[in-house]
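Visitor: Could you work out the structure for the sequence below:
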Amino acid sequence: MTTKKLIIIVSSIVIAIVLLIVIFVGAIVGLALYSVGNSEAAVTAKDFLRHNGRLKQEIGEVKDFGKFVTGNINLRNGDGEATVNLKVIGDRGTVNASVELIYRNGRAWHVTAASYKAQSGQTVELLNPYESRRHISRLVSSL
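Guide: Numbering: from 1, shown residues only. This is a model prediction of the structure:
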């Protein structure tokens, strides 16, 4: 076997291994994005954003959401916390929004904080902090 053939064989094996690793990592990332984007927390966040009056003032009626939904969801002993980050596409513009949610004793997800980055670059809160704290207190006290 010549050196040239040996180099071609080794190179082919290395390329095949790298390609398999890339496919494996891509599948894991794709599954993670799919799981977050289609979770109950993400559905609740999208519903909140779709009906939020303050957001509608900035971008108009919400038409759609970006394809990539990121964030994290942590569940422990029937309780959970989530942060969902997504692009919101409206009639008059597009913004990046972030929604924080909690989940207690197997009940539905509840929004505890939400904001978006305005076209001017300013972060705009979508939930009155006082109302949010009062809502969380009611959730915790009903446990």
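
Visitor: helices and strands of the protein: which one has the lowest mean pLDDT?
Guide: helix 129-141 (a mean of 54; mean pLDDT, DSSP states H and E).

Visitor: Nearest the middle, which residue of this structure would you pick?
Guide: The centroid of the chain falls nearest to Thr70 when counting by Cα atoms, centre = their mean (3.0 Å).

Visitor: Compute the distance between that one and Leu20, please.
Guide: Separation of Thr70 from Leu20 (Cβ to Cβ, to the nearest Å) stands at 26 Å. Glycine gets a C-beta too; all of them are placed from N, C-alpha and C.

Visitor: Rounded mean pLDDT for the lengthiest strand in the chain, please.
Guide: If you go by DSSP state E, the chain has its longest strand at strand 79-90. Confidence over strand 79-90, taken as the mean pLDDT, stands at 93.

Visitor: just checking, next helix/strand downstream of it?
Guide: strand 94-103 (DSSP states H and E).

Visitor: how about Glu61, phi and psi?
Guide: phi -60, psi 130 (degrees, to the nearest 10).

Visitor: Residue numbering should commence at 183 henceforth.
Guide: Renumbered: residue one is now 183, and that last one reads Glu243.

Visitor: can you give me the mean pLDDT across the biggest helix by length in the chain?
Guide: In the chain, assigned by DSSP state H, the helix with the most residues is helix 185-219. For helix 185-219, the mean per-residue pLDDT is 89.

Visitor: which other helices and strands contact that helix?
Guide: For helix 185-219, the elements it packs on are strand 252-258, judged by 3 or more Cβ pairs under 8 Å, 6 or more residues apart in numbering; DSSP states H and E.
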